[in-house]
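Engineer: below is the structure, and that's it, no one-letter string:
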Ligand SMILES: Cc1cc2nc3c(=O)[nH]c(=O)nc-3n(C[C@H](O)[C@H](O)[C@H](O)COP(=O)(O)O)c2cc1C
């Protein structure tokens with residue numbers, strides 16, 4: 001759980017790898033917005049290519065890093081299953097990450113958003129020193 005908290009609060013933005021319909025790798029930046037004892041949570045919008053890749057494969061891998069330079073850096077890498085949990089947790093994610101209200105200021109703009117849970121995974125952390 002300490003690792004999940006660290007990823008959410010200290011690293012926060014990670015680079016997520018998924019695969020497309022042809023099995024080709026695709027990466028994008030995603031903010032990890034919340035955690036519990038066994039899972040991480042992020043949100044995305046229905047209709048995005050990223051959303052479709054998540055739904056098709058149900059798996060992802062990500063790496064997040066914290067530090068100013070290679071000698072002062074911790075990297076955490078995770079491979080896991082992912083599933084859509086819907087909108088129930090959306091409000092909690094916004095409350096924990098208030099900058100999201102600036103990106104999606106109106107109820108209308110939040111309509112397409114949905115929450116995903118990262119669960120049942122393996123991970124490792126590395127530092128260069
Ligand atoms: C710092 C940063 C954080 C981001 N966080 C998210 C996020 O939490 N959820 C999301 O859907 N998109 C997020 N994005 C945007 C995605 O990276 C971007 O929409 C994605 O690359 C689009 O990919 P697609 O065209 O394959 O759907 C973020 C972008 C940046 C630069």
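Structural biologist: Cool, the structure landed. Since we're looking at a predicted model, the values are computed, not measured.

Engineer: any weak-confidence spans in this protein?
Structural biologist: The chain contains no residues with pLDDT under 70.

Engineer: and the strands in this protein?
Structural biologist: For the chain, applying DSSP state E gives strands covering 13-19, 25-31, 34-35, 40-45, 59-69, 72-86, 113-127.

Engineer: what would the ones you listed look like in TSV with mean neighbour count?
Structural biologist: To be clear about C-beta, it is placed using only N, CA and C from the backbone, and glycine gets the same treatment. Converted to TSV, the strands of the chain look like this (neighbours: other Cβ atoms under 10 Å):
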stretch	mean neighbour count
strand 13-19	18
strand 25-31	14
strand 34-35	20
strand 40-45	20
strand 59-69	17
strand 72-86	16
strand 113-127	16
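
Engineer: CSV for the ones you listed, including distance to residue 6?
Structural biologist: Conversion of those to CSV gives the following (distance: least, Cβ to Cβ, whole Å):
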stretch, distance to residue 6
strand 13-19, 12
strand 25-31, 15
strand 34-35, 9
strand 40-45, 11
strand 59-69, 8
strand 72-86, 7
strand 113-127, 8
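
Engineer: any chance of the ones you listed in a markdown table, with distance to the ligand too?
Structural biologist: As requested, those are arranged in a markdown table below (distance: least, Cβ to the nearest ligand atom, whole Å):
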| stretch | distance to the ligand |
| --- | --- |
| strand 13-19 | 5 |
| strand 25-31 | 3 |
| strand 34-35 | 11 |
| strand 40-45 | 3 |
| strand 59-69 | 11 |
| strand 72-86 | 12 |
| strand 113-127 | 8 |
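
Engineer: of all these, which one is nearest residue 92?
Structural biologist: strand 34-35 (6.6 Å; Cβ to Cβ).

Engineer: strand partners of the closest one, parallel vs antiparallel please.
Structural biologist: Strand pairing for strand 34-35, using DSSP bridges, gives strand 40-45 (antiparallel).

Engineer: that concludes my questions; thank you for your assistance.
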